[in-house]
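Engineer: Predicted model and sequence follow; I will ask about them next.
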Amino acid sequence: MLWSIVKIVLFFCALVACSFGANYLLQAQGGIRIEAAGNEYNFGPFVSVIALAVLVFAVWIFIKVLGLLVATWKFLNGDETAISRYFERNRQAKGYDALSQGMMALASGEGRLAMAKAEKAEKYLRKPELTNLLTAQAAEMSGDRRKAEQTYRALIENDATRFVGVRGIMKQRLADGDTETALALAEKAFAMKPKHEDTQDVLLKLQTQKQDWKAARETLDAKLKHGSLPRDVHKRRNAVLALSEARKVFDADETIEAREAAIEANRLSPDLIPAAIMAAHSYVEQGNKKYATRVIKKAWDVSPHPDLAAAFATIEPDEAPTARLKRFRTLVKAQIAHPESKMLMTELLLANEDFPEARRTLGDLNDAEPTARTATLMAAIERGEGADDTVVKGWLTRALSLPRGPQWVCDNCHHIHAEWKPICENCDSFDTLAWKTPPQSEVSMPGGMQMLPLIMGPKAKEGTEVVVIEDAEILDDDLPDQEAQKV
């Protein structure tokens, strides 16, 4: 209604302006004088303006007629489409102009205007492979999902635009949470264009979420083949997928296949901690302790981790504390200055009742990088050296307020996990978990303190007093019998 009123006002203003202009020209003096072939022609201002307009129109008509004559000449010389192209040229100009305006409207966020321009472009161009894509994107922008889906389905019917239509519907299904249909569409889109990087990424993500590790490895190989993934990244992620596949086989109790898959995962990426642990267990089950030791040492040299120490302990589960201490020295030798190595050796010395050496081994770690684990170790050292209960309880109290130390943290969303997983349980990102200290430690202690009973061996005596620290228990008794275990 308002726009109609505005158009009426503008039309009235235009009429008034024309009237004033005509009146001014009629009353104005002077004009144009033309001499030709001995004749003189005088034109007043008003007639001169009209003559100029007629001249411009005549020139325009001449150009059009000349173009038609040229097209006719070409037609007579064998160009069968010359005349049809001449008449369609103007329609194409209008169509492409509407198409460009629609694209600009889409880039500006004006979905409705873009849809209108797309309809106008289709009217002149009759090229749905161009206009339907603009219509679909404009419909999505304006919230008309039904129109967008109809347009994408129309794109599927055309061989030239089938890939675009499949991807469009795939994205809609992903937005709706229909991952099963989205996966099927992603596989279809990947079959049509295996080099398309975004399709590869979507397909890989959906396959990992479904835990179809074998298919995910094939997609990962395709990414490497088509150059969309560096070789070193492919090697690492292929190892993660192999490890995930191995864990699935372990869950199915397929012993031989499980061993082979675990060893394969470790071969692909020896520094992948979970793969090294699983491979070591596989070698131990085969009775090949030498290979198990080699696997753990290789992973420890790259990144010391408490779970590696626990796996190393299971290679000789019944050895005495002295023998275990000697064997572990060969493990930590290459990373002796690492905090994890210091804490591990401190725990072994505690088990061997060598409290002064345990204090020297821990060193200033409790001041430089204090954690709940280092404070707990200090409490055990003080108790072993005969300190008062007040001193021991002071260390245990301090452990309550200290950070938990490194944990499995997602690099994408910073979610903390109690154990390693191939996919973040919070943001569904693949291969984003890293062993590092989180900004704020608010979850259960990882394997570090729970590993102490495995290394030390003996169980707690009956009647032992237990001091609970959140997730861990520090047993108040003689030091060789103390344990730290998860509640």
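Structural biologist: It's in.

Engineer: Which helix in the chain has the most residues?
Structural biologist: Selection of the longest helix in the chain by residue count, based on DSSP state H, yields helix 45-76.

Engineer: Touching stretch 202-215 from outside, list them.
Structural biologist: Contacts to stretch 202-215, defined as C-beta atoms under 8 Å, 6 or more residues apart in numbering, come from residues 170, 174, 179, 182-183, 186-187, 189-190, 216, 219-220, 223, 241-242, 244-245, 248, 422-423, 428, 430. C-betas here are computed from N, CA, C, even on glycine.

Engineer: circling back: list the helices and strands the longest helix of the chain packs on?
Structural biologist: In terms of contacts (3 or more C-beta pairs under 8 Å, 6 or more residues apart in numbering; DSSP states H and E), helix 45-76 is packed against helix 2-27, helix 82-107.

Engineer: now, of the ones you listed, which is deepest in the fold?
Structural biologist: Comparing those by mean neighbour count (mean count of other C-beta atoms under 10 Å), helix 82-107 ranks first with a mean of 15.

Engineer: as a whole number, average confidence for that one?
Structural biologist: What helix 82-107 shows for mean pLDDT is 74.

Engineer: next SSE after that helix?
Structural biologist: Sequence-wise, the next helix or strand downstream of helix 82-107 (DSSP states H and E) is helix 111-125.

Engineer: Could you name the helices and strands sitting against the helix or strand following that next one?
Structural biologist: Using DSSP H and E, the helix or strand that directly follows helix 111-125 along the chain is helix 128-141. Here helix 128-141 touches helix 82-107, helix 111-125, helix 145-156, going by 3+ C-beta pairs under 8 Å, 6+ apart.

Engineer: would you put the C-alpha positions of the shortest one in PDB?
Structural biologist: What follows is helix 145-156, C-alpha atoms only, in PDB (Å, rounded to 0.1, in the frame of the first residue of the first chain):
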ATOM      1  CA  ARG A 145      13.700 -24.900   3.500                       C
ATOM      2  CA  ARG A 146      10.800 -26.500   1.500                       C
ATOM      3  CA  LYS A 147      11.500 -24.300  -1.500                       C
ATOM      4  CA  ALA A 148      15.300 -25.000  -1.200                       C
ATOM      5  CA  GLU A 149      14.800 -28.800  -1.100                       C
ATOM      6  CA  GLN A 150      12.500 -28.700  -4.200                       C
ATOM      7  CA  THR A 151      15.100 -26.700  -6.100                       C
ATOM      8  CA  TYR A 152      17.900 -29.100  -5.000                       C
ATOM      9  CA  ARG A 153      15.800 -32.000  -6.200                       C
ATOM     10  CA  ALA A 154      15.300 -30.200  -9.600                       C
ATOM     11  CA  LEU A 155      19.100 -29.800  -9.800                       C
ATOM     12  CA  ILE A 156      19.500 -33.600  -9.300                       C
END
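
Engineer: by contact count, what packs against that helix?
Structural biologist: Contact analysis of helix 145-156 by 3+ C-beta pairs under 8 Å, 6+ apart lists helix 128-141, helix 162-176 as its packing neighbours.

Engineer: between those helices, which gets nearest to Arg327?
Structural biologist: Evaluated over the helices and strands packed on helix 145-156, closeness to Arg327 peaks at helix 162-176, with 51.6 Å, by C-beta to C-beta.

Engineer: any idea of the mean pLDDT in the next helix or strand after that closest one?
Structural biologist: The C-terminal neighbour of helix 162-176 among helices and strands, as given by DSSP H and E, is helix 179-192. The average pLDDT within helix 179-192 is 93.

Engineer: Now do helix 179-192: everything it contacts.
Structural biologist: The contact list for helix 179-192 (C-beta under 8 Å, 6+ apart) reads 162-163, 166-167, 169-170, 173-174, 196, 199-200, 202-203, 206-207, 209-210, 219, 222.

Engineer: Count the neighbours of the nearest residue to Glu319 once chain neighbours are set aside for me.
Structural biologist: Computed as C-beta to C-beta, 6 or more residues apart in numbering, the closest residue to Glu319 that is not its neighbour in sequence is Arg327, at 7.1 Å. When neighbours are defined as other C-beta atoms under 10 Å, Arg327 has 16 of them.

Engineer: distance of Arg327 from Met278?
Structural biologist: According to C-beta to C-beta, to the nearest Å, Arg327 stands 21 Å off from Met278.

Engineer: got it, and Phe57?
Structural biologist: 86 Å.

Engineer: which of those two has more neighbours?
Structural biologist: More neighbours surround Met278 than the other of Phe57 and Met278, with 24 against 10 (other C-beta under 10 Å).

Engineer: what mean pLDDT does stretch 244-253 have?
Structural biologist: 68.

Engineer: Look at Trp408 and give its secondary structure.
Structural biologist: strand (DSSP: H, G, I helix; E, B strand; the rest coil).

Engineer: mind showing which ranges of the stretch 251-400 of the chain have poor pLDDT?
Structural biologist: Within the stretch 251-400 of the chain, the stretches with pLDDT under 70 are 251-259.

Engineer: Strands of that one, residue ranges please.
Structural biologist: For the stretch 251-400 of the chain, strands defined by DSSP state E, counting those that start in this stretch do not occur.

Engineer: which residues of it fall in helices?
Structural biologist: Assigned by DSSP state H, counting those that start in this stretch, the stretch 251-400 of the chain shows helices spanning 255-268, 273-285, 289-302, 306-315, 321-332, 339-351, 355-362, 365-368, 372-384, 389-401.

Engineer: returning to what we had before: the residue nearest to Glu319 contacts Pro321, doesn't it?
Structural biologist: No: counting by C-beta atoms under 8 Å, Arg327 sits too far from Pro321 to count as a contact (10.8 Å).

Engineer: Pull out the buried residues from the contacts of helix 179-192.
Structural biologist: The neighbour-count criterion (16 or more other C-beta atoms under 10 Å) marks 163, 166-167, 169-170, 173-174, 196, 199-200, 202-203, 206-207, 219, 222 among these as buried.

Engineer: ok, Leu402 - contacts?
Structural biologist: Taking C-beta under 8 Å, 6+ apart, we find Leu402 in contact with 370-372, 374-375.

Engineer: ok, those vs Thr437, which is closest?
Structural biologist: Thr371 (8.6 Å).

Engineer: Cheers, nothing more for now.
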